[in-house]
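Engineer: predicted coordinates and the sequence they were generated for:
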Amino acid sequence: MVTFTARRSEPELVRPARRTPVETKSLSDLDDQLPLRLYESIVGFFKSPPGETIKPGKVARGIKAAVAGALVYYYPMAGRLRKLPDGNRLVVDCTGEGVDFVEATADVPLADLGEPLVPPYPCVEEFLGDAGDTRDVVGKPLLFLQVTQLKCGGFVIVLHMCHCIADGFGILQFIKTIADFACGELIPTTLPVWKRDVFTARMPPSIAHVYPAYKPFIHGLECTGDDVMLSTPPESMEVQYLFFGPKGIETLRIHIPEELSKSTTTFELITAVMWRCRTLALGYGPSEKVRVMFTLNTRGRSINGESAVPRGYYGNAHFSPMVEVTVEELARKPLAHILEKMRKVKWDTTKECMGSMVDLLALWREWSPFGMDRTYEVSDTKWVGGNALKFGKAELVAAGTPHAGDFTSKLISYHTKCKNIDGENSTVVSILLPKPAMEKFTKEMAIWLTK
């Protein structure tokens with residue numbers, strides 16, 4: 001296993017390249033939900049162009065200048081969050097104070113990090129800037145960025161972005177703007193849109209059309225606090241990464257009817273199988289209710305014949321559909337039954353449903369956070385590996401979340417795009433479980449992956 005220590009500069013604040021408006025902007029009620037008051041992290045590993053010698057510091061200087069240019073258009077990101085005196089709302093003070101930037105070097109070539117480079121990324125903590133307490137977002141820079149140049153001329157970029165300001169797709173849009181400026185563009189390819197009133201709670205609120213699986217939580221009926229996933233301390237848990245190449249996906253599809261297989265995504269298929277295996281491994285009782293929650297991006301979706309989100313919107317635009325079944329139903333029913341339930345809750349994301357969910361999230365901000373007993377969260381981050389993370393001639397070789405096994409949010413699995421040893425497009429999925437349950441989970445998954 002490779003080991004090294006990155007040499008970091010002192011953090012500096014990068015301000016917008018030109019004067020920007022000084023004002024206060026409201027967040028949407030999707031932005032300002034309590035679970036999103038944290039920093040979301042993205043890492044990208046880049047290979048230098050063949051035969052090109054890159055002088056030390058050149059990459060960092062270019063990216064720093066590009067960040068300053070991008071902040072002219074994304075100027076709220078250069079501000080600070082402030083909590084209003086009445087209630088529990090946050091606003092953005094657009095002060096132009098800037099974002100945190102660290103330049104670093106590491107005496108290690110990219111090839112030593114692994115070929116192919118897949119999670120868990122070695123020594124990833126050396127590439128991370130220090131965002132402090134990642135659940136403390138008030139009065140701090142909204143973006144922490146570290147650029148590390150490697151011995152071979154390649155480089156690594158890691159961002160910690162405040163989730164209240166942007167979701168994953170919004171962060172990617174911002175990164176693409178940085179890449180545009182680094183390549184000499186004068187304006188962003190996609191102009192940013194704030195317009196946070198798109199997802200603002202109604203007055204009076206109505207929660208009549210929330211996802212059905214949320215209704216027991218509204219009345220506090222499912223918060224028993226006896227879930228082993230919540231009670232087990234992090235040091236008694238184990239992280240594993242499961243790799244699904246084309247052959248593995250083909251094997252899983254054997255378990256569902258051909259017609260359903262044609263319309264089932266890889267994400268849906270893997271999630272349904274892992275949810276079942278995870279539930280059995282954790283030993284819940286047959287009559288207990290379990291849930292799977294996954295993110296649904298509303299960009300590009302037509303809701304009641306209308307576009308839900310304007311082009312260029314970089315705020316949070318995702319909902320979290322949830323499916324609820326008993327352990328017995330999950331274990332005994334065919335896999336197709338579970339997939340149909342997951343697909344139905346996505347189709348049921350109507351304009352009325354979205355309005356009710358925004359109203360509910362606004363109400364929950366003033367209440368105690370609801371419990372997550374026996375809930376499996378899944379996030380699809382394969383989009384991180386797309387073309388938007390390319391910087392000039394530098395080739396993106398790997399990208400994803402730095403810590404796929406997030407001990408601060410023990411219930412989440414992340415789906416990340418990667419190449420397997422044969423160079424095939426694959427998906428790697430993290431999972432975090434108590435150590436005794438991990439062995440059972442591994443055995444359950446082996447059954448599904450055997451023809």
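Structural biologist: The structure has been received and is ready for your questions. Computed from a predicted model, the values in this text were never measured in an experiment.
Engineer: going forward, measure contacts between C-alpha atoms and count neighbours the same way
Structural biologist: Noted.
Engineer: got a list of what the closest residue to residue 322 other than its chain neighbours touches?
Structural biologist: Spatially, and ignoring its direct neighbours in sequence, residue 322 is nearest to residue 293 (4.3 Å; CA to CA, 6 or more residues apart in numbering). By CA atoms under 8 Å, 6 or more residues apart in numbering, residue 293 lies in contact with 320, 321, 322, 323, 375, 376, 377, 378.
Engineer: residue 293 should be in a strand, yeah?
Structural biologist: Yes. Assigned with DSSP: H, G, I helix; E, B strand; the rest coil, residue 293 falls within a strand.
Engineer: related to what we said a few turns ago, the contacts of residue 293 into a markdown table, with extra columns for pLDDT?
Structural biologist: Shown next, in a markdown table, are the contacts of residue 293 (pLDDT from 0 to 100):
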| residue | pLDDT |
| --- | --- |
| 320 | 93 |
| 321 | 95 |
| 322 | 95 |
| 323 | 96 |
| 375 | 92 |
| 376 | 95 |
| 377 | 94 |
| 378 | 95 |
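Engineer: thought residue 400 was touching residue 117?
Structural biologist: No. Counting by CA atoms under 8 Å, residue 400 stays clear of residue 117, with 11.0 Å between them.
Engineer: from residue 93, how far out is residue 80?
Structural biologist: Per CA to CA, to the nearest Å, residue 80 is found 5 Å from residue 93.
Engineer: overlap in contacts of these two?
Structural biologist: What both residue 80 and residue 93 touch, as defined by CA under 8 Å, 6+ apart, is an empty set.
Engineer: run through who's touching stretch 2-10.
Structural biologist: Residues from elsewhere that reach stretch 2-10 (CA under 8 Å, 6+ apart): 102-108, 112-113, 122-123, 126-127, 148.
Engineer: what bits of the stretch 151-300 of the chain have low per-residue confidence?
Structural biologist: Low-confidence segments of the stretch 151-300 of the chain, defined by pLDDT under 70: 219-225.
Engineer: looking at stretch 344-356 now, give me its mean pLDDT.
Structural biologist: Averaged across stretch 344-356, the pLDDT comes to 92.
Engineer: so which bits of that stretch are buried?
Structural biologist: 345, 346, 349, 350, 351, 352, 353, 354, 355, 356 (16 or more other CA atoms under 10 Å).
Engineer: cool, and stretch 241-260?
Structural biologist: Within stretch 241-260, the residues that count as buried by 16+ other CA under 10 Å are 241, 243, 244, 245, 248, 249, 252, 253, 255, 256.
Engineer: tell me the SS of the residue of the chain most remote from its centre?
Structural biologist: Centroid-distance maximum for the chain: residue 51 at 34.9 Å, with CA atoms, centre = their mean. Assigned with three-state DSSP, residue 51 falls in the coil class.
Engineer: now it: how far from residue 154?
Structural biologist: Residue 51 is 12 Å from residue 154, by CA to CA.
Engineer: so for residue 129, what's the pLDDT?
Structural biologist: pLDDT at residue 129 comes out at 87.
Engineer: tell me which element the closest residue to it other than its chain neighbours is part of?
Structural biologist: Once flanking residues are discounted, residue 129 sits nearest to residue 146: 5.3 Å by CA to CA, 6+ apart. Residue 146 is part of strand 143-150 when elements are defined by DSSP states H and E.
Engineer: ok, then the element right after that strand?
Structural biologist: Next along from strand 143-150, by DSSP H and E: strand 155-162.
Engineer: after that next one comes which helix or strand?
Structural biologist: For strand 155-162, the succeeding helix or strand toward the C-terminus, using DSSP H and E, is helix 168-182.
Engineer: so for residue 418, what's the nearest residue that isn't a sequence neighbour?
Structural biologist: residue 426 (5.3 Å).
Engineer: oops, could you answer that again for residue 194 instead?
Structural biologist: residue 313 (6.0 Å).
Engineer: one step back: can you put the buried residues of stretch 344-356 in a markdown table and add secondary structure?
Structural biologist: Shown next, in a markdown table, are the buried residues of stretch 344-356 (three-state DSSP):
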| residue | secondary structure |
| --- | --- |
| 345 | helix |
| 346 | helix |
| 349 | coil |
| 350 | coil |
| 351 | helix |
| 352 | helix |
| 353 | helix |
| 354 | helix |
| 355 | helix |
| 356 | helix |
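Engineer: that'll do, ta.
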